[in-house]
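Engineer: heads up, no residue letters with this:
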Ligand code: GUN
């Protein structure tokens, strides 16, 4: 029997309705949640992402601004703009779209964002808070993956979880959230020897490698839950994940599709983090 498909679009829609209702209540109290999205340069994928983020804000009734800066913007000018936004009472969340042009130090830029407005959860203070189990903001993609596991009532406590990919944006925070939920977690990376020996053990397999269809059916334990974070464009223009969905769906008990899986959840969690940031200001 093929796996249950975890529908990210449907789940995102449901959560966005709840966010819209809470946004309306907060706005009526005089605090309209606001997100500033900063894009530097003209990376085509980033342009689409930032547009979608701002549109999602509008759809739930939040205030948002999208600032497009030229690729030659100086780091100093970007830091100065972030500093202004840190003090802007209408802005509760600040997101600088990555990657940044090479002449700008991403680390320095992220550290310039006030931690209480860092809705990406990338600031070292937020990464540290997550590490000790007291997160202020959970990074959006891993947060969305956890919501997807919750949506199928998966018993995470005691489960064997394997995360493939060790980035600061996805792999590492994902592993932390799974660990805090009681899973026994392995993080694999591009140097991992005998990857299949690890993936075959996974009750929960989270894949974030950026390699199209690299996880095949023979690498997956029967009945596993498979969360595919990858979004890759094939030569024919179609999108696919890091998991070979068409074959793995016959081995897994539940699986996220691409598109329509983790992607819509990531933006939804950005909205949730922005709402929470605004709620904290009110409190
Ligand atoms: N680039 C790719 N993913 C992300 C993300 O989650 N946040 C930001 N700021 N940039 C990204």
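Structural biologist: On my side now, so go ahead. Small disclaimer: the values here were computed from a predicted structure and weren't measured.
Engineer: tell me the contacts of the residue of the stretch 51-200 of the chain at minimum distance from the ligand?
Structural biologist: When distances are taken as Cβ to the nearest ligand atom, the stretch 51-200 of the chain reaches nearest to the ligand at residue 98, 3.7 Å away. For glycine as for every other residue, the C-beta is placed from the backbone atoms N, C-alpha and C. Contacts here follow Cβ atoms under 8 Å, 6 or more residues apart in numbering; on that basis residue 98 touches 106, 169.
Engineer: What helix or strand is the residue most central in space within the chain located in?
Structural biologist: A centroid search over the chain (Cα atoms, centre = their mean) returns residue 141, at 1.6 Å, as the residue closest to the centre. Assessed by DSSP states H and E, residue 141 sits inside helix 140-151.
Engineer: ok, now residue 125?
Structural biologist: Using DSSP H and E, residue 125 falls in helix 124-131.
Engineer: hmm, back to that, tell me the spacing between the residue nearest to the centre of the chain and residue 278.
Structural biologist: To residue 278, residue 141 is 21 Å away according to Cβ to Cβ, to the nearest Å.
Engineer: hang on, the earlier thing: which residues does the helix holding residue 141 contact?
Structural biologist: With Cβ under 8 Å, 6+ apart as the test, helix 140-151 has contacts from 6, 8, 11, 15, 119-121, 138, 156, 169-170, 173-174, 176-178, 181, 204, 206, 208, 225, 227, 229, 256, 261-262, 265-270, 272-273.
Engineer: out of the residues you listed, which touch the ligand?
Structural biologist: Contacts with the ligand within these, counted by Cβ under 6 Å from any ligand atom: 120, 169.
Engineer: Which of the contacts of helix 140-151 fall within helices?
Structural biologist: Among these, the members falling in helices (DSSP state H) are 8, 11, 15, 173-174, 176-178, 262, 265-270, 272-273.
Engineer: how about the nearest residue to residue 27 once chain neighbours are set aside, phi and psi?
Structural biologist: Leaving aside its chain neighbours, residue 27 sits nearest to residue 61 (6.5 Å; criterion: Cβ to Cβ, 6 or more residues apart in numbering). Main-chain torsions, residue 61, degrees, to the nearest 10: phi 90, psi 20.
Engineer: who touches stretch 67-84?
Structural biologist: With contact meaning Cβ under 8 Å, 6+ apart, stretch 67-84 is reached by 36-42, 50, 94, 96, 101, 103-105, 108-109, 112-113.
Engineer: about what we covered before: show me what counts as buried in the helix holding residue 125.
Structural biologist: Buried residues in helix 124-131, counting neighbours by 16 or more other Cβ atoms under 10 Å, are found at 126, 127, 129, 130.
Engineer: Could you restrict the residues you listed to the ones contacting the ligand?
Structural biologist: Of the buried residues of helix 124-131, not one also sits near the ligand (Cβ under 6 Å from any ligand atom).
Engineer: what's the closest of those residues to residue 29?
Structural biologist: residue 126 (25.8 Å; Cβ to Cβ).
Engineer: list the contacts for that closest one?
Structural biologist: Counted by Cβ under 8 Å, 6+ apart, residue 126 has contacts 115, 118, 135, 136, 137.
Engineer: quick one: which of these is nearest to residue 163?
Structural biologist: Of the contacts of residue 126, the one sitting nearest to residue 163 (Cβ to Cβ) turns out to be residue 135, at 17.0 Å.
Engineer: Please name the nearest non-neighbouring residue to that closest one.
Structural biologist: For residue 135, the closest residue by Cβ to Cβ, 6+ apart turns out to be residue 129, at 5.3 Å.
Engineer: so how far is residue 69 from the one you found?
Structural biologist: Between residue 129 and residue 69 the distance is 29 Å, computed by Cβ to Cβ.
Engineer: re earlier: near the ligand too, which of the contacts of stretch 67-84?
Structural biologist: residue 96.
Engineer: Buried ones from the contacts of stretch 67-84, can you make that a ChimeraX selection?
Structural biologist: To isolate the buried ones among these in ChimeraX, judged by 16+ other Cβ under 10 Å, type:
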select :36,37,38,39,40,41,50,94,96,101,104,109,112,113
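Engineer: Select from the contacts of stretch 67-84 every entry located in helices.
Structural biologist: Short answer: these in helices (DSSP H) are 50, 108, 109, 112.
Engineer: The first one against residue 40, yeah?
Structural biologist: Spelled out, that is residue 50. No - the criterion here is Cβ atoms under 8 Å, and residue 50 misses it with residue 40 at 10.5 Å.
Engineer: I appreciate the help and will end here.
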